[in-house]
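Trainee: please work out how this folds:
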Amino acid sequence: MRNFKLTISYDGADFHGWQVQPGVPTIQGLLNEALRKITQEKLVVHGASRTDTGVHALGQTAHFRTQSGLSAAEFQRALNALLPPAIRIVAAEEMGPDFHSRWQVQAKTYRYRIFRGRVLSPFEHRRVLHYPWALDEEAMAAAARQFEGEHDFTSFAASSGSEDDDRDRNMVREMFSSEIVRVPESEEIAYVVRGKSFLRYMVRKIVGTLLEVGKGRLAPSDIPALFELRDRTRSGPTVPPHGLYLVALEYPDPTNSLVRQSSRQRSEHV
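Mentor: As a prediction, the model looks like this:
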């Protein structure tokens, strides 16, 4: 079996998230359908991150295994011909047999966009949160830095729906960086966070908390106490999904690509 890695960009506004669900369009479902048409195999595409309904991606990663003889470039062309325009395969490459798009992720980067101008373009209303009212952006930036490091994120994640399951879940996560950035020559700010893994709704709940700081309802110094409380009712609200983007995923060694390995082996024998 051959193993292929896909890098995928999509506008999530019209989809019910990544994961296959019966009766509704999802990114994984459409990829599965397209690849089954191409290969005539009942294969499954495995994604690195299960983005929720309405969430977008600039660099989602997925992989699939196949017996097909098509090249990575041929898979990219065929998929882009079959998929709707809101989903694009921006890169495809053949990998070694051990590559797994989800289990080998070393870091994920998310961005949440907040437009601060008075009038939002109609072309952006499903792609950015519009907040034109007063915010203390310096306080938000100071609060954002409080999320860096290893913490118990119970206060900043959705419930599983079961108290027993919530008690058993490991809620500790490590954030490598967490910051509010001002987009140059724009009336937009963004929350950008990079970490190993994330809990469900975690980024959106952090953004909701940062907005509470910006409004003066919380202070940056309140964030450590919220970690200690482990109470999601005490942090900010969960903001809408349409401002959230999965920007990029990082893997251990890009030379894991089967094509690159073969090229290196050939050069060593010259």
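
Trainee: what about the helices in the chain?
Mentor: Listed in chain order, the helices of the chain (DSSP state H) span residues 27-39, 72-82, 137-145, 163-168, 202-214, 223-229, 258-268.

Trainee: which stretch among these comes nearest residue 61?
Mentor: Counting by CB to CB, residue 61 lies closest to helix 27-39 out of the helices of the chain; the figure is 12.1 Å. For the C-beta atoms, the positions are set from N, CA and C on the backbone; glycine is no exception.

Trainee: which of the helices of the chain sits most buried?
Mentor: helix 202-214 (a mean of 25; mean count of other CB atoms under 10 Å).

Trainee: ok now it, how far from the chain's centre?
Mentor: Offset of helix 202-214 from its chain centre (CA atoms, centre = their mean, to the nearest Å): 17 Å.

Trainee: same question for stretch 188-201.
Mentor: That offset, for stretch 188-201, works out to 8 Å (CA atoms, centre = their mean).

Trainee: what about that stretch, how long is it end to end?
Mentor: Using CA to CA, to the nearest Å, the end-to-end distance of stretch 188-201 comes to 22 Å.

Trainee: so for that stretch, what gets flagged as buried?
Mentor: Neighbour counts over stretch 188-201 (16 or more other CB atoms under 10 Å) mark 188-195, 198-199, 201 as buried.

Trainee: go on, stretch 145-154?
Mentor: 146-148, 151, 153-154.

Trainee: most widely separated two among the residues you listed?
Mentor: 148 and 154 (17.6 Å).

Trainee: okay if I get the helices of the chain as JSON lines plus mean pLDDT and distance to residue 97?
Mentor: Below are the helices of the chain laid out as JSON lines (pLDDT from 0 to 100; distance: least, CB to CB, whole Å):
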{"stretch": "helix 27-39", "mean pLDDT": "98", "distance to residue 97": "18"}
{"stretch": "helix 72-82", "mean pLDDT": "98", "distance to residue 97": "15"}
{"stretch": "helix 137-145", "mean pLDDT": "98", "distance to residue 97": "40"}
{"stretch": "helix 163-168", "mean pLDDT": "60", "distance to residue 97": "33"}
{"stretch": "helix 202-214", "mean pLDDT": "98", "distance to residue 97": "32"}
{"stretch": "helix 223-229", "mean pLDDT": "97", "distance to residue 97": "41"}
{"stretch": "helix 258-268", "mean pLDDT": "37", "distance to residue 97": "8"}
